[in-house]
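S.K.: Take this sequence and fold it.
(one chain, ligands or ions: 2)
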Amino acid sequence: MRFAETFSGPGGPAIAAVTLDTPVPISGLQFTVQPVGRNGGGGPSSHAMLISVINNLQSTGFTISSGSPDQDKKTTVLLFHSGGDSLNPDDQIPLLDLVYAIDENAPHHLIIDLNIENVVLSAPNSQPIAHQLQSGFLQIGKPGDLAGGTLSAGDGQVNIIDIVKAVQFVLGVIPTPNDPFAFFLADANEDGNLNVLDIVFMVRSFLDNNQPTVKTVAAAAPVEPVVIGLSALQSLDDGQIVLPVSIDADGAVAAFQATTTFNAAQITIGTPRLTGHAER
Ligand SMILES: [Ca+2]
Ligand SMILES: [Ca+2]
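M.R.: Ligands and ions are numbered 1, 2, ... in the order given. Below you'll find the predicted structure:
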């Protein structure tokens, strides 16, 4: 039985998936789970509260029953087949999701271990089945908070140093993070990709947080597809040749990202410059 490593922002729900690899049929299981602050001396964490358990086996006839958390925040969860049937042997069977509410003031990068005990797996004939456990944890971080703080790993704020680092990720100046938590932080808009959308998201959230008296009114985004084109080469007075890139849109475009390929033996690329309607 595996408990996932789960990332969440302060104030957000953290959804920890529980999966099972089993070579034999299973008709029921139980466990007790307790959120424990990793650096908090082993006591129950005050920053996470189990608010719901989602049954991922409902369509196969399994029922979930869970008690209320006790004073140590321990919750017992039962999952069993109400018709006496069983789960067929398989790998990575999604059993259930533990949904935790994370408090708004949870420190950034806090790790909350999910302590698991009293695990019992039942065969269809009510005999216990030997098992192994892979425990999980919840880690708290604010997407977009990539830099700042004593270790330059984040300080709970999104500002210009975070935006500079995000630009370096998107441009490939520094490699895309392999660590899943670092990727979670870099993927500011939480769509699974690192690109210009994350930079726009971070700039907007920075401006929104730092201009409390100025109401930012979002310009209407284009409704029709935006057409991006290359115009004819032009010669400048200083002898440089420029290739105009134009954007034809019926609404406001906040950012644009593209990758170009060229024959480095024949041309040297200078620094792109903004012209016309574009504003810095
Ligand atoms: Ca930061
Ligand atoms: Ca993204």
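S.K.: okay, CA-based contacts and neighbour counts for the rest of this
M.R.: Fine.
S.K.: can you map out the helices along this protein?
M.R.: 160-171, 180-186, 196-210 (DSSP state H).
S.K.: From ligand 1, how far off is S235?
M.R.: 43 Å (CA to the ion, to the nearest Å).
S.K.: How about the residues of the stretch 151-280 of the chain by ligand 2?
M.R.: 187, 189, 191, 193-194, 198 (CA under 5 Å from the ion).
S.K.: residue contacts, the residue located most distally from the centre of the chain?
M.R.: Note on the chain: the largest C-alpha distance from the chain mean falls to D237, namely 48.8 Å (CA atoms, centre = their mean). Applying CA atoms under 8 Å, 6 or more residues apart in numbering to D237 gives no contacts.
S.K.: Just the pLDDT for it.
M.R.: Per-residue pLDDT puts D237 at 85.
S.K.: Kindly list the main-chain dihedrals of it?
M.R.: phi -60, psi -30 (degrees, to the nearest 10).
S.K.: re earlier: would you list the buried entries among the residues of the stretch 151-280 of the chain next to ligand 2?
M.R.: 187, 189, 194, 198 (16 or more other CA atoms under 10 Å).
S.K.: Kindly reformat those as TSV and extend each row with pLDDT.
M.R.: Conversion of those to TSV gives the following (pLDDT from 0 to 100):
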residue	pLDDT
D187	95
N189	93
L194	93
D198	95
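S.K.: picking up where we left off before, tabulate the helices of the chain in CSV, adding columns for distance to V120.
M.R.: Formatted as CSV, those follow (distance: least, CA to CA, whole Å):
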stretch, distance to V120
helix 160-171, 45
helix 180-186, 30
helix 196-210, 44
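S.K.: most tightly surrounded among those?
M.R.: Among the helices of the chain, ranked by average contacts under mean count of other CA atoms under 10 Å, first place goes to helix 180-186 (a mean of 21).
S.K.: how about the strands in this protein?
M.R.: 2-3, 5-8, 13-22, 28-37, 48-55, 62-66, 75-81, 90-102, 111-122, 137-140, 227-230, 234-235, 241-242, 245-248 (DSSP state E).
S.K.: before we move on, the earlier item: name the nearest of the residues of the stretch 151-280 of the chain next to ligand 2 relative to I112.
M.R.: Distance to I112, by CA to CA, is smallest for D187 among those, at 21.5 Å.
S.K.: Who is the closest residue to S52 other than its chain neighbours paired with across the strands?
M.R.: Once flanking residues are discounted, S52 sits nearest to V99: 5.2 Å by CA to CA, 6 or more residues apart in numbering. The partner list for V99 in beta bridges (DSSP bridges) reads I15, S52.
S.K.: Distance check, V99 against ligand 1.
M.R.: 27 Å.
S.K.: got a list of what that residue touches?
M.R.: Counted by CA under 8 Å, 6+ apart, V99 has contacts 13-16, 50-54.
S.K.: go with 7 Å
M.R.: When contacts are counted by CA atoms under 7 Å, 6 or more residues apart in numbering, V99 touches 13-16, 50-53.
S.K.: Pull the most distant pair out of the buried ones among the residues of the stretch 151-280 of the chain next to ligand 2.
M.R.: Top of the distance list for those (CA to CA): N189 and L194, 8.9 Å.
S.K.: Return the residues of this protein in contact with ligand 1.
M.R.: 145, 147-148, 154-155, 157-158.
S.K.: most surrounded residue in those residues?
M.R.: D145 (27 neighbours; other CA atoms under 10 Å).
S.K.: Just the pLDDT at it, thanks.
M.R.: On the pLDDT scale, D145 gets 93.
S.K.: Break this protein down into its structural domains.
M.R.: The record's domain parsing of the chain by automatic domain parsing lists 2-140, 143-217, 220-280.
S.K.: tell me the contacts of T32?
M.R.: 74-77, 116-118.
S.K.: now, among these, which is nearest to T63?
M.R.: T63 has its nearest neighbour among the contacts of T32 in V77, at 10.6 Å by CA to CA.
S.K.: Once you drop chain neighbours, what's closest to the most centrally placed residue in the chain?
M.R.: Closest residue to the average C-alpha location of the chain: F184 at 4.1 Å, with CA atoms, centre = their mean. Of all residues not flanking F184 in the chain, P143 sits nearest, at 6.4 Å (CA to CA, 6+ apart).
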